[in-house]
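S.K.: what follows is a predicted structure for the sequence shown.
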Amino acid sequence: MTYEAVIGVEVHAQLRTATKLFCGCTTTFGLAPNTQCCPVCIGMPGSLPVLNKRAVELAIRAGLALNCTIRLSNRFARKNYFYPDLPKGYQISQYEAPICESGSLDITTNGHAKTVRIRRAHLEEDAGKNLHEGDAATSRVDFNRAGTPLLEIVTEPDLSSPEEVDAYLRALRDILKYLDACDGNMEQGSFRCEPNISVRPAGSSDLGTKVELKNINSFRFVKQALAYEIARQTKVLASGGVIHQETRLWDPEREVTVVMRSKEEAHDYRYFPDPDLLPVEISQEWIQELRQSLPELPAARAKRFVHDYRLPEYDASVLTASKDLADYFEACVRLFPNPKIVSNWVMGELLRELNARGIPAQRSPVSPECLAKLLQLVDEGTISLKIAREIFPELYASGKDPETLVHEKGLTQISDAQVLEQLVEEVMRQHPAQVDQYRRGKEAVLGFFVGQVMKASGGKANPGKVNELLRRKLASDTPSGS
């Protein structure tokens, strides 16, 4: 029997607010444990929460970008459960009345388009973090994260492969980063993914028993964990076994999922409206104002790049995955209006340097103006393309003006006909056998001569003029033995 996977995804995106969801504590990552806490976020008796308006605004913007319906009246509930990292004994979340619902996100995988339905996106506070380090018998709790604003985004079970989940997560993260709603950092826990997966006989409409996967902090691990779990569940069912509803962790070292806890019965979280928080009333005017403030989103921008700049779809998708990179590209094209050449350099030389250092395009020491100048020097014949590529790492490291660097290193391209002619003649004298081969009809030898002239000139000879001179000089005499 053939089996197929059915996958839904829950994403917890930390919203980019300066302070927590219900108090004034900072959300800065990496501070010393338990140094960004107050009576509100650690649940001291008598402390009262006050809703962060910026978090609501970011949630609405995200919902609009994901084609959701925004509830004009939504409210917070208490989700009751006991765990050491939950100081109040309950989590403030949204249950019956989420702020966003019934949305969608279009993805493309291997040329196949799919619309992923989004069931809901709701606001909630994060818990603290349990630390199990050093002595195995000791655990500690850091409450710095407690109260951090999250937007939980839940899909319908519309995905059917690790590749589709990967495409969905990347598209979702790109949108949230464009909105400046979330920084998308999976390693720091600000973009957390929890897939729910089951398998069933191919063509069946019934859903199988689902397993929830946790502890996944990279896109690569998401794909690996899902591929492993699909294979595991398929093997169990094919051998007549039963899948148990449970939560499993991904072990990246062994590349397996392991049982974390059983979920044979649904938890009773005893949700009830939070008595300390009023319902959130949102006006149509505010929604419209936020809708008009939305930036051009990645998918729309990629289509425009293909249409306006005549770029391949691949180039457009790479350039628009990051708003900073797309902005950089367009700034450069305005100064050097050859989009494909700019695209090649941005995706090649620039991204190589940025990725090696893990920094965004907006912090590049090579500004769009600087890159445009470098490309102009190549276009004008001042330096060769080879020289431009060779000096780019130094240009990046120094932040110097391209003209200044070229002048300091004496790299100006040789275009003087007399100088080039002397170089060509000298190379021909040194390689009579190859001259003879060319004149007997072996035109591929021309590349050898071009390489020799470029070597003799230290890479500074104008390749176009070298080619022209060589063809003329090599054709000027009759072939030997004729």
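M.R.: Now that the structure is in, tell me what you want to look at.

S.K.: buried set for the longest strand seen in the chain?
M.R.: Taking DSSP state E as the criterion, the chain has its longest strand at strand 112-125. Neighbour counts over strand 112-125 (16 or more other C-beta atoms under 10 Å) mark 116, 118-125 as buried. In short, each C-beta sits where N, CA and C put it, glycine included.

S.K.: equivalent analysis for stretch 131-145, please.
M.R.: So, applying 16+ other C-beta under 10 Å, buried residues of stretch 131-145: 141-145.

S.K.: about what we covered before: which of the buried residues of strand 112-125 lies closest to residue 247?
M.R.: Nearest to residue 247, judged by C-beta to C-beta, of the buried residues of strand 112-125 is residue 124 at 18.3 Å.

S.K.: tell me how far that closest one lies from residue 178.
M.R.: 23 Å (C-beta to C-beta, to the nearest Å).

S.K.: again with residue 162
M.R.: 25 Å.

S.K.: ok, now residue 305?
M.R.: Taken as C-beta to C-beta, the span from residue 305 to residue 178 is 14 Å.

S.K.: higher neighbour count, these two?
M.R.: When residue 305 and residue 178 are compared for neighbours, residue 305 comes out ahead with 25 against 21, by other C-beta atoms under 10 Å.

S.K.: low-confidence ranges in the stretch 201-350 of the chain?
M.R.: 263-267 (pLDDT under 70).

S.K.: and the helices in it?
M.R.: Ranges of helices in the stretch 201-350 of the chain, per DSSP state H, counting those that start in this stretch, are 219-238, 284-292, 298-309, 313-320, 323-335, 339-345.

S.K.: make JSON lines out of those helices and add distance to residue 195.
M.R.: Output for the helices of the stretch 201-350 of the chain, formatted as JSON lines (distance: least, C-beta to C-beta, whole Å):
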{"stretch": "helix 219-238", "distance to residue 195": "6"}
{"stretch": "helix 284-292", "distance to residue 195": "30"}
{"stretch": "helix 298-309", "distance to residue 195": "22"}
{"stretch": "helix 313-320", "distance to residue 195": "23"}
{"stretch": "helix 323-335", "distance to residue 195": "26"}
{"stretch": "helix 339-345", "distance to residue 195": "34"}
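
S.K.: and the ones you listed: which comes nearest residue 21?
M.R.: Of these, nearest to residue 21 by C-beta to C-beta is helix 284-292, at 18.5 Å.

S.K.: restricting to C-alpha, output that closest one in CSV.
M.R.: C-alpha atoms of helix 284-292 as CSV (Å, rounded to 0.1, in the frame of the first residue of the first chain):
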residue,chain,number,x,y,z
GLN,A,284,-12.3,49.5,10.5
GLU,A,285,-10.5,52.9,10.2
TRP,A,286,-7.4,51.5,12.0
ILE,A,287,-7.5,48.3,9.8
GLN,A,288,-7.7,50.4,6.7
GLU,A,289,-4.8,52.7,7.9
LEU,A,290,-2.6,49.7,8.5
ARG,A,291,-3.6,48.1,5.2
GLN,A,292,-2.4,51.2,3.4
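
S.K.: use 48 as the first number for this chain going forward.
M.R.: Sure thing, new numbering starts at 48, so read that last one as helix 331-339.

S.K.: so what touches that helix?
M.R.: Contact with helix 331-339 is made by 104, 107-108, 111, 117, 119, as judged by C-beta atoms under 8 Å, 6 or more residues apart in numbering.

S.K.: what comes up buried for stretch 379-390?
M.R.: 379-380, 382-383, 386, 388-390.

S.K.: likewise stretch 439-449?
M.R.: Quick answer for stretch 439-449 (16+ other C-beta under 10 Å): 439, 442-443, 447, 449.

S.K.: let's test this: mean pLDDT of that stretch, rounded?
M.R.: Here stretch 439-449 scores 91 as its mean pLDDT.

S.K.: quick one: contacts of it?
M.R.: With C-beta under 8 Å, 6+ apart, stretch 439-449 has contacts from 396, 400, 411-413, 417, 420-421, 424, 438, 452, 455.

S.K.: got the CA positions of it in CSV?
M.R.: What follows is stretch 439-449, C-alpha atoms only, in CSV (Å, rounded to 0.1, in the frame of the first residue of the first chain):
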residue,chain,number,x,y,z
PHE,A,439,35.8,43.0,-4.9
PRO,A,440,36.8,41.2,-1.6
GLU,A,441,39.4,44.0,-0.9
LEU,A,442,36.8,46.6,-1.8
TYR,A,443,34.4,45.0,0.6
ALA,A,444,37.0,44.7,3.4
SER,A,445,38.3,48.3,3.0
GLY,A,446,35.1,50.2,2.0
LYS,A,447,37.2,52.3,-0.3
ASP,A,448,35.9,54.1,-3.4
PRO,A,449,36.5,51.7,-6.5
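
S.K.: for the contacts of helix 331-339, give me TSV that also has neighbour count and secondary structure.
M.R.: Formatted as TSV, the contacts of helix 331-339 follow (neighbours: other C-beta atoms under 10 Å; DSSP: H, G, I helix; E, B strand; the rest coil):
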residue	neighbour count	secondary structure
104	18	helix
107	23	helix
108	23	helix
111	21	helix
117	22	strand
119	13	coil
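
S.K.: tell me the two of those residues that are most distant?
M.R.: The widest separation within the contacts of helix 331-339 (C-beta to C-beta) is 16.0 Å, between 108 and 119.

S.K.: circling back: TSV for the buried residues of stretch 178-192, including pLDDT?
M.R.: Below are the buried residues of stretch 178-192 laid out as TSV (pLDDT from 0 to 100):
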residue	pLDDT
188	92
189	93
190	94
191	95
192	94
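
S.K.: closest to residue 367 out of those?
M.R.: Closest to residue 367, out of all of the buried residues of stretch 178-192 and judged by C-beta to C-beta, is residue 192, at 31.4 Å.

S.K.: would you check that the closest one makes contact with residue 178?
M.R.: No - under the criterion of C-beta atoms under 8 Å, residue 192 makes no contact with residue 178, lying 11.5 Å away.

S.K.: from residue 504, how far off is the residue nearest to residue 191 when sequence neighbours are not counted?
M.R.: Spatial nearest neighbour of residue 191, chain neighbours left out: residue 83 (4.8 Å); criterion: C-beta to C-beta, 6 or more residues apart in numbering. Using C-beta to C-beta, residue 83 is found at 61 Å from residue 504.

S.K.: show me which of these two is the more surrounded one.
M.R.: Neighbours of residue 83 and residue 504, each counted by other C-beta under 10 Å, are more numerous for residue 83; the result is 23 against 18.

S.K.: wait, that one sits on residue 76?
M.R.: No - under the criterion of C-beta under 8 Å, residue 83 makes no contact with residue 76, lying 9.9 Å away.

S.K.: quick one: buried residues of stretch 386-405?
M.R.: 386, 388-390, 392-394, 396-398, 400-401.

S.K.: ok so, going back, what's the farthest-apart pair in the contacts of stretch 439-449?
M.R.: 411 and 455 (21.2 Å).

S.K.: perfect, that will be all.
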